[in-house]
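**Student:** Sequence below, structure please.
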Amino acid sequence: MKASQDAGWVTLTLPPAYRQADFLAFHSRDRLGLAEQVTGGTLRKGIVWHGTPARLEVSFEGNTASLRISAVSPSERSGLATWGRRFLGLDQPVEAFEAAWRSHPLLGPHLTRRPGLRLSQAASPFEALSWAVTGQQISVAAALGIRRRLIETTALHTTDGLACYPDAQAVAALSEEQLRTAGFSRSKATTLLEIARQIVDGRLPLDDWWAQSAAPALLRERLLALRGIGPWTVDYTLLRGFGHLDASLHGDAAVRRGLGQLLGGEGDAAHPDPRHTDAWLAPFAPWRSLVAAHLWQIQA
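**Tutor:** Reported below is the predicted structural model:
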């Protein structure tokens, strides 16, 4: 993808089938727009960039996406282009996946119906992991409410007032009681604090692993060693935080519902269990995350 820079903006050329509506919809899940605002073809999102609250802007026009982050210095703009490609999912080889599986009797028609479907990405690995912990075994609506209260509790804002999703440093400074007041269960509050503190003291260098494209096996081993982190949380973090294309979301209820619809929705096929779902997804390696993305969309 070509990138150009102008007045602090980094502009990336998009592939012909890029689904900008999917990107914008993912980042506008919270309709209250506390830390994310979507207007037309532009996303404005409050993030913490290298310790500084910052406004991220992503604007689509034609076959390009322009990005800028208010805290990025001119010397960092080449790195912003790399970050932007991953945030937009441009490094995901969806064309190769679609070419390999377009003739599949069940999945193939959905690939044709939704060409270019990508895995939407969180702005940072910590955002992906903390969101996964937040969403364990509760509805998306409930998780969004807790997420909103977490943002309010950490009270980080850009200079023009946009709320920011917190980084690990901000979460590590909270007490368990503050997280409980925000809506986290005691076990989730304990897990989230431990994650944040390990990131701060360098024992869990998620950003370094992201920059180095660390092997999923390393990430899986280190994350599963944390209390309160199970396979679903790890797979979801790999998918949303690292763009890993081969996470098996067989434990995800929505993936299983999508598979039930794909298989015909009758008898046992209507409610495949995690074991059945894992076995069905296995032949699609190394693209299981992308299959999961299409199974999510079947219900949309």
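
**Student:** Could you find the closest non-adjacent residue to Ala182?
**Tutor:** Spatial nearest neighbour of Ala182, excluding adjacent residues (Cβ to Cβ, 6 or more residues apart in numbering): Arg149 at 3.9 Å. C-beta here means a position set from N, CA and C on the backbone, and glycine is covered the same way.

**Student:** And the one you found, how close does it get to Leu223?
**Tutor:** Arg149 is 24 Å from Leu223, where distance means Cβ to Cβ, to the nearest Å.

**Student:** Could you check which of those two is surrounded by more residues?
**Tutor:** Neighbour tally, Arg149 and Leu223, criterion other Cβ atoms under 10 Å: the higher count belongs to Leu223, 21 against 17.

**Student:** Just the element for the more buried one, please.
**Tutor:** helix 216-224 (DSSP states H and E).

**Student:** need the next SSE after that helix, C-terminal direction.
**Tutor:** Next along from helix 216-224, by DSSP H and E: helix 231-242.

**Student:** the inter-axis angle of that next one versus helix 216-224?
**Tutor:** 120 degrees (axes from the mean of the first three to the mean of the last three Cα atoms, to 10 degrees).

**Student:** Show me which positions of stretch 70-79 end up buried.
**Tutor:** In terms of neighbour count (16 or more other Cβ atoms under 10 Å), stretch 70-79 has its buried residues at Ser70, Ala71, Val72, Arg77.

**Student:** For Ala285, give me the pLDDT.
**Tutor:** Here, the pLDDT recorded for Ala285 equals 96.

**Student:** Kindly report the same for Ser78.
**Tutor:** Reading off the model, Ser78 has pLDDT 73.

**Student:** Helix or strand: which one has it?
**Tutor:** Secondary structure (DSSP H and E) places Ser78 in helix 77-87.

**Student:** circling back: distance of the residue nearest to Ala182 from His27?
**Tutor:** 19 Å.

**Student:** Using PDB, list the CA coordinates for the helix holding Leu223.
**Tutor:** What follows is helix 216-224, C-alpha atoms only, in PDB (Å, rounded to 0.1, in the frame of the first residue of the first chain):
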ATOM      1  CA  PRO A 216       1.300 -16.400  18.800                       C
ATOM      2  CA  ALA A 217       2.700 -19.300  20.800                       C
ATOM      3  CA  LEU A 218       4.600 -17.000  23.100                       C
ATOM      4  CA  LEU A 219       1.700 -14.700  23.600                       C
ATOM      5  CA  ARG A 220      -0.600 -17.700  24.300                       C
ATOM      6  CA  GLU A 221       1.800 -19.100  26.900                       C
ATOM      7  CA  ARG A 222       2.300 -15.900  28.700                       C
ATOM      8  CA  LEU A 223      -1.300 -14.800  28.700                       C
ATOM      9  CA  LEU A 224      -2.600 -18.300  29.800                       C
END
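
**Student:** by contact count, what packs against that helix?
**Tutor:** Using 3 or more Cβ pairs under 8 Å, 6 or more residues apart in numbering; DSSP states H and E, the elements in contact with helix 216-224 are helix 231-242.

**Student:** On the C-terminal side of the helix it packs on, identify the next helix or strand.
**Tutor:** helix 253-262.

**Student:** Please point out which parts of that next one sit buried.
**Tutor:** Val255, Arg256, Arg257, Gly258, Leu259, Gly260, Leu262.

**Student:** mind giving me CSV with these and columns for distance to Thr39 and pLDDT?
**Tutor:** Formatted as CSV, those follow (distance: Cβ to Cβ, whole Å; pLDDT from 0 to 100):
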residue, distance to Thr39, pLDDT
Val255, 31, 94
Arg256, 35, 93
Arg257, 32, 92
Gly258, 31, 94
Leu259, 36, 95
Gly260, 37, 93
Leu262, 35, 93
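
**Student:** just those now: which is nearest Ala54?
**Tutor:** Val255 (33.5 Å; Cβ to Cβ).

**Student:** I'd like the distance between the closest one and Leu245.
**Tutor:** Distance from Val255 to Leu245, by Cβ to Cβ: 15 Å.

**Student:** so Val234 sits right up against Leu223, yeah?
**Tutor:** Yes. Contact criterion Cβ atoms under 8 Å: Val234 and Leu223 qualify, at 4.8 Å.

**Student:** Contact partners for the residue positioned nearest the centre of the chain?
**Tutor:** For the chain, the residue sitting closest to the mean C-alpha position, by Cα atoms, centre = their mean, is Arg240 at 2.8 Å. Arg240 makes contact with Leu119, Ser120, Gln121, Ala122, Ala128, Trp131, Ala132, according to Cβ atoms under 8 Å, 6 or more residues apart in numbering.
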